[in-house]
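*Asks:* sequence plus predicted model, see below.
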Amino acid sequence: MLIPSILVNEHYDDRYFDVVNAIHEAKQVFFRGAKILEKLALQDELIIGETGFGSGRMLLAFLDYLKENAITNKRIIWNSVELHPLSPNRIREILKCFSETHADLITLLSSNYESLHINGNGWYFCTINTGSCTLELRLRIGEALEMVTELERPCVAWFLDGHGPKKNPLMWRQELLNAIGIKTTDNGTFATYTVAGIVKRGLQNAGFTISTIPGCGGKKESLCGWK
Ligand SMILES: C[S@@+](CC[C@H](N)C(=O)[O-])C[C@H]1O[C@@H](n2cnc3c(N)ncnc32)[C@H](O)[C@@H]1O
């Protein structure tokens, strides 16, 4: 399949997400893997961590997930980090591939992203009101370890989405995974699409019990776990 060049992160020579069913993949691999619905049933506030904001596809899928599951009156705190932030226009262009089904949410997300006025390293904040829930986006522009160590409160779920370990070993280094382990609540969860041995061992060393679940988009397995 021909990959549109707009989807390729030139810093890693890798796609921001898989072109096939990327919203479905986020729900199956990341939200199901990290047991998001179970957590939403028990808590009014959910603190989430994401490594690699990229194009915002994961957040778009999450907003859709809340809607699809008729989730109301929740406060979501979405901590994320990005070393190479995209312009609002590029985000709009990338997310266009979901516009047939998600036009309203793309407008909501991209206008909020634009309102951040990203102009260098540091924290950027906005509150996205979905009509039934509020989601506070706390985006750290900088390196993932900076974001994780600066978090004041631990996360109940982590979405580890920082390109695979072959393309981007820095995102899977033990120091970072240990920091993520420390910034996870007891019984907190993680999910990721990669099942590479180095990632499995790194997450186990960081205090997580791991398991595999069926993958998506041609991948046999994906990885999830809890602390
Ligand atoms: C696979 S893409 C993210 C996809 C994103 N979650 C989405 O759904 O669009 C991984 C992202 O991590 C960012 N990244 C890679 N290494 C990083 C690092 N060390 N610190 C912070 N961000 C990093 C990349 O620039 C890229 O945008």
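*Replies:* The structure has been received and is ready for your questions. Numbering: from 1, shown residues only.

*Asks:* how many neighbouring residues does residue 206 have?
*Replies:* Using other Cβ atoms under 10 Å as the criterion, residue 206 is surrounded by 20 other residues. All C-beta atoms are positioned from the backbone trio N, CA, C, and that covers glycine.

*Asks:* please verify my assumption that it contacts residue 180.
*Replies:* Yes - at 6.3 Å, residue 206 counts as touching residue 180 under the criterion of Cβ atoms under 8 Å.

*Asks:* in stretch 63-77, which residues are buried?
*Replies:* 63, 64, 65, 66, 67, 71, 74, 76, 77 (16 or more other Cβ atoms under 10 Å).

*Asks:* who touches the lowest-mean-pLDDT helix or strand in the chain?
*Replies:* One helix or strand of the chain scores below all others by mean pLDDT, DSSP states H and E: strand 14-15, with a mean of 88. Defining contact as Cβ atoms under 8 Å, 6 or more residues apart in numbering, one finds that strand 14-15 is touched by 3, 7, 8, 9, 163, 164, 167, 168.

*Asks:* inside strands: which ones of the residues you listed?
*Replies:* Mapping these onto strands (DSSP state E) picks out 8, 9.

*Asks:* buried among the contacts of strand 14-15? Need that as a selection in PyMOL.
*Replies:* The following PyMOL line selects those of the contacts of strand 14-15 that are buried, judged by 16+ other Cβ under 10 Å:
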select buried, resi 7+9+163+164+168
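
*Asks:* so which bits of the chain are right by the ligand?
*Replies:* By Cβ under 6 Å from any ligand atom, the residues of the chain that approach the ligand are 9, 11, 16-17, 52-58, 81-84, 143-144, 161-163, 168, 170-171.

*Asks:* done for today, thanks.
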